[in-house]
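A.B. asks: Provided below are the primary sequence and the corresponding predicted coordinates.
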Amino acid sequence: MRLWLVFIAFLFSPWSLSAGPLETGEPESLGFSQERLAQLKARMQGHVDSGRLNGLSTAVIRDGQIVHLSTHGYQDRESVKPLSRQAIFRIYSMTKAVTAVAAMMLYEKGHFQLLDPIETYLPEFKQTQVFLGGTVDRPQLVAPRKPITIRDLFLHTACFSYPFTQHPVDRMYDKVKLFNGQRNSAQFVSAVAKLPLKCQPGSQYSYGVSTDVLGRIIELVSGLSLDEYMAKYIFEPLGMVDTGFYVPKADHARFMTLYIRQKNGTLEPADPELTNAFLTQPKMAMGGGGLVSTVDDYLKFLQMLLNGGQLNGVRLLSPKTVDFMFTDHLSPKLRVAPGYGKGFGFAILRRISGHRRLGVIGEAGWSGIANTFFWIDRSSNTAFMGWTQMFPWGAPKFRFEIPQMVYGAMTR
């Protein structure tokens, strides 16, 4: 009898309502042209048919319902395994939006202030210096003019970096093998603190490990590891059953193969070190790029944001906090990219005059390095995504085509 009571309680709990995918709606009744969405589907299939992509998923939601969801090509080309909506993707830097939500949930509870120096929580940063010039082996360093704040972590104005270019600081990141997966979060942050900053804190937009450092602060103020905190307070409440920092063994068959675009345009499977990196639990849950997820799971996360912080009766954030996150907090003198400012967890489109594609002011979005993209248009209560799995980032044209075709399919 007691088991039946538990089962009935679960059936009628908000969490049980979130367990399945979002409902599918009729495009015409939700303000979309079915014919034009079919053109989007055909255009995406063309990328697969041409060999430019091996597999691609696209999705559109409005007013809490799925307007469009399509899969194209293969989860794994070599075994001719078709791509399905159950496929698990590496979403890399799309993790940053989730970490931002996790941090703001703690902010709402008074655990920190945005202008708190991070050295309050991570005293190792009291000794961090700023790169002024010189070389990797003989750098010229100066003291920072001001401490890094938690706000700087959200906006990427902390002046951390990634090992993406030949800049001496980037090469220092590479030299210490910061991303070799052999450090836990405390060790990772300690290693970062020993490296110089790329610029004076607050003076520039500098894309880097800021969100990973923020993830460590989440751990310290919550008393939980980042993966435990997200599972308990975000993934379970939202019913994001396939999202986490690694793929469990039982789900390995659903993990999408990662491909590398060669100079001649062909796609070849990535080195197993990259392909298999998410198949076992990592030593550190990387708040800046460590999650795997499915299209249906991430749609729930986006719908929660569109709903002002709640989904199916489960509230993660206040609507006022969500509004704050969607505000461009970056100085007008700074930018993420031409026309873009920065909110908490995503870029914010500042202007459409001179922009390279159709969009709306205030549109938010971000991406992962393996070419997963999302966009949020709160003015029309719409979000949409395009996901594949290939390096390098930015190579496929679909990232420009999806927004213009989704906006072009709107009838209201």
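C.D. replies: All right, it came through fine.
A.B. asks: Partner strands of the longest strand belonging to the chain and their direction?
C.D. replies: Across the chain, the longest stretch assigned as strand under DSSP state E is strand 65-76. Here strand 65-76 has these sheet partners by DSSP bridges: strand 23-24 (parallel), strand 55-62 (antiparallel), strand 81-82 (antiparallel).
A.B. asks: Name the residues that touch it?
C.D. replies: Strand 65-76 is contacted from outside by 21-25, 27, 30, 32, 37, 40-41, 44-45, 47-48, 53-61, 80-85, 87, 254, 256-257, 295, 299, 382, 384, using CB atoms under 8 Å, 6 or more residues apart in numbering. C-beta: built from backbone N, CA, C; applies to glycine.
A.B. asks: quick one: it to chain centroid distance?
C.D. replies: Centroid separation for strand 65-76 versus its chain: 19 Å, with CA atoms, centre = their mean, to the nearest Å.
A.B. asks: just stretch 154-169 next, same as before
C.D. replies: On CA atoms, centre = their mean, the centre of stretch 154-169 falls 18 Å from the chain's centre.
A.B. asks: Can you give me the end-to-end span of it?
C.D. replies: Taking CA to CA, to the nearest Å, the first and last residues of stretch 154-169 lie 21 Å apart.
A.B. asks: cool, stretch 376-388 as well?
C.D. replies: In stretch 376-388, first residue to last residue: 18 Å (CA to CA).
A.B. asks: Flag the shaky bits of the chain, pLDDT-wise.
C.D. replies: Across the chain, residues meeting the criterion (pLDDT under 70) sit at 1-19.
A.B. asks: just so I have it, where are all the helices in it?
C.D. replies: 2-11, 14-17, 34-49, 95-108, 150-155, 168-175, 185-193, 210-222, 226-230, 236-238, 272-275, 295-306, 319-325, 398-409 (DSSP state H).
A.B. asks: chain center to the third one, what's the gap?
C.D. replies: Distance of helix 34-49 from the chain centroid (CA atoms, centre = their mean) equals 25 Å.
A.B. asks: contacting residues around it?
C.D. replies: With CB under 8 Å, 6+ apart as the criterion, helix 34-49 contacts 27-28, 53-56, 58, 60, 67-68, 70, 72-73, 386, 396-398, 401-402, 405-406, 408-409.
A.B. asks: Among those, name the buried ones.
C.D. replies: Buried by 16 or more other CB atoms under 10 Å: 27, 53-56, 58, 60, 67-68, 70, 72-73, 386, 396, 398, 401-402, 405-406, 409, out of those.
A.B. asks: Tell me which stretches of the stretch 251-400 of the chain form strands.
C.D. replies: Using DSSP state E, counting those that start in this stretch, the strands found in the stretch 251-400 of the chain span residues 259-261, 267-269, 291-293, 310-311, 314-315, 340-342, 347-349, 364-368, 372-377, 382-387, 390-391.
A.B. asks: ok, the most centrally placed residue in the chain - contacts?
C.D. replies: Centroid check for the chain by CA atoms, centre = their mean gives Met94 as the closest residue, at 1.0 Å. Listed by CB under 8 Å, 6+ apart, the contact partners of Met94 are Leu291, Ser293, Tyr298, Trp366, Ser367, Gly368, Thr372, Phe374.
A.B. asks: what are the phi and psi values for it?
C.D. replies: When read as degrees, to the nearest 10, the backbone of Met94 gives phi -70, psi -10.
A.B. asks: Can you tell me how far it is from Ala370?
C.D. replies: To Ala370, Met94 is 10 Å away according to CB to CB, to the nearest Å.
A.B. asks: How many neighbouring residues does Pro272 have?
C.D. replies: 10 (other CB atoms under 10 Å).
A.B. asks: how close does it get to Leu279?
C.D. replies: On the measure of CB to CB, Pro272 and Leu279 end up 10 Å apart.
A.B. asks: for Thr157, same thing?
C.D. replies: 35 Å.
A.B. asks: Of those two, which one has the most company?
C.D. replies: More crowded of Thr157 and Leu279, by other CB under 10 Å: Thr157, with 25 against 15.
A.B. asks: got the contact list for the more buried one?
C.D. replies: By CB under 8 Å, 6+ apart, the contact list for Thr157 reads Arg151, Pro201, Gly202, Ser203, Gln204, Tyr205, Ser206, Leu330, Leu334.
A.B. asks: coming back round to it: so which of the contacts of Met94 is the closest to Lys175?
C.D. replies: For these, the closest approach to Lys175 (CB to CB) belongs to Gly368, at 25.1 Å.
A.B. asks: Save the strands paired with strand 65-76 as a markdown table, and put in distance to Met390 too.
C.D. replies: Below are the strands paired with strand 65-76 laid out as a markdown table (distance: least, CB to CB, whole Å):
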| stretch | distance to Met390 |
| --- | --- |
| strand 23-24 | 28 |
| strand 55-62 | 9 |
| strand 81-82 | 16 |
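A.B. asks: and Asn180, which of those is closest to it?
C.D. replies: Closest to Asn180 of these, according to CB to CB: strand 55-62, at 28.4 Å.
A.B. asks: Can I get that closest one as PDB, trimmed to CA atoms?
C.D. replies: The C-alpha coordinates for strand 55-62 follow below in PDB (Å, rounded to 0.1, in the frame of the first residue of the first chain):
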ATOM      1  CA  GLY A  55      24.200  14.300 -38.800                       C
ATOM      2  CA  LEU A  56      22.100  17.300 -37.800                       C
ATOM      3  CA  SER A  57      19.100  18.000 -35.500                       C
ATOM      4  CA  THR A  58      17.000  21.200 -35.500                       C
ATOM      5  CA  ALA A  59      14.200  22.200 -33.200                       C
ATOM      6  CA  VAL A  60      11.800  25.100 -32.600                       C
ATOM      7  CA  ILE A  61       9.600  25.700 -29.600                       C
ATOM      8  CA  ARG A  62       7.000  28.400 -29.000                       C
END
